[in-house]
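>>> Quick check, what structure comes out for this input:
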Amino acid sequence: MSQKLDINFVAANPFSYQQLTTIGLLWIVLCVLLTAYGVQQLQVTQEHLNTVEAKLKAVAPKRNTSTVKPVLVQASDAELKHAREILLQLSIPWNPLFQALEQNDLKNIALLSIEPNRKKQQIMLTGEAKNLEVALDYVKQLAQMDLFSQAYLLKHSIDQDDPNKPVSFTILAQWKL
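Numbering: from 1, shown residues only. Alright, predicted model coming up:
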């Protein structure tokens with residue numbers, strides 16, 4: 001007995017209507033119905049939104065949408081002077097100062113604060129040194145720098161309670177701006 005062979009060298013397009021099954025047809029119908037229901041719900045929601053907006057416009061007072069005009073206020077002389085002082089403080093050339101201070105040998109020196117005074121063109125350095133000789137050497141180094149015209153030891157104190165006896169110092173330097 002021989003069986004009939006179904007040899008099909010040209011396959012049908014998988015998207016052709018000939019390949020459509022009953023389950024596929026049910027899925028297509030279901031998708032079309034769900035899409036129609038979604039469009040209908042969107043229309044109902046849009047109508048509801050339009051109704052609520054119309055009621056809100058009727059109830060809410062109308063807003064004045066005119067432009068706001070800026071108010072010009074003249075600053076007093078004291079305020080202008082204070083603003084200029086702040087501007088001068090902000091315009092201190094910090095980078096050259098920090099670079100100059102970092103160039104010095106700071107092995108046995110710890111700088112604790114740097115306080116500029118722009119009006120007097122002075123800078124006050126507060127710090128600690130290993131001993132008084134190191135502090136005096138630091139003052140000499142500062143005095144030889146191009147950034148400062150003068151540098152001198154304003155005050156110092158030796159901590160007698162500490163076994164290493166460090167020196168706390170304050171240096172005042174005339175700053176060339």
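>>> Please make it C-alpha for all contacts and neighbour counts, starting now.
Noted.
>>> for this protein, what spans make up the helices?
With DSSP state H as the criterion, the chain has helices at 22-59, 77-90, 94-103, 132-144.
>>> Highest average neighbour count across these: which stretch is it?
With neighbours defined by mean count of other C-alpha atoms under 10 Å, none of the helices of the chain is more surrounded on average than helix 132-144, at a mean of 17.
>>> residues in contact with stretch 112-131?
88-89, 92, 108-111, 135, 164-177 (C-alpha atoms under 8 Å, 6 or more residues apart in numbering).
>>> From these, list just the buried residues.
Listed as buried from these are 109, 135, 166-175; burial here means 16 or more other C-alpha atoms under 10 Å.
>>> Keep only those of these that are in strands.
Secondary structure of these is defined by DSSP state E; positions in strands are 109, 167-175.
>>> Now do the residue nearest to E128 when sequence neighbours are not counted, the pLDDT please.
Closest residue in space to E128, ignoring its immediate chain neighbours: S168 at 4.4 Å, by C-alpha to C-alpha, 6 or more residues apart in numbering. For S168, the pLDDT comes out at 93.
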